[in-house]
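K.L.:
Build me a model from this:
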Amino acid sequence: MTSYLVDAILLVALVLSSYRLAVIHRDIKRFRRHQNGYERALSKTSEALVDVGRAIQAINVEGVATVNALSLKIEEGYTLLAELEKCLARKEAHISALTLDEKGGRSV
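P.N.:
Just a heads-up that it's a prediction; the model follows:
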């Protein structure tokens with residue numbers, strides 16, 4: 001009688017273990033399916049990040065070229081400004097000379 005009780009307990013334990021093993025097996029299959037999806041998502045994310053890196057490099061190169069061109073234009077602007085200031089100073093000097101000549105009675 002005791003062996004039947006032990007056999008029954010072992011049989012119940014075997015059935016519960018088998019059931020739990022089946023549940024774990026199902027979960028592992030589900031995780032594998034999700035893992036494939038995660039791998040694809042990570043692969044696409046990696047490709048997107050590489051593209052972003054390339055875009056940043058291109059923007060950086062274009063930005064440097066733009067800054068260099070802008071720097072040249074600023075230098076040209078300073079040169080033109082200096083020339084305009086010289087012209088203005090000459091004109092002011094000429095006007096001053098004309099004004100002095102008119103007051104002094106001399107004609108130019």
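K.L.:
Tell me how many other residues surround residue 9.
P.N.:
Using other Cβ atoms under 10 Å, residue 9 has 10 other residues around it. For every residue, glycine as well, the C-beta is placed using N, CA and C.
K.L.:
Where does it fall, secondary structure wise?
P.N.:
Using DSSP states H and E, residue 9 maps to helix 2-104.
K.L.:
Centre of the chain to that helix, how far?
P.N.:
How far helix 2-104 lies from its chain's middle: 2 Å, per Cα atoms, centre = their mean, to the nearest Å.
K.L.:
Give me the mean pLDDT for it.
P.N.:
On average, the pLDDT along helix 2-104 is 91.
K.L.:
and it, what does it pack onto?
P.N.:
If you count contacts as 3 or more Cβ pairs under 8 Å, 6 or more residues apart in numbering; DSSP states H and E, helix 2-104 packs onto no helix or strand.
K.L.:
what about residue 12, distance to residue 18?
P.N.:
11 Å (Cβ to Cβ, to the nearest Å).
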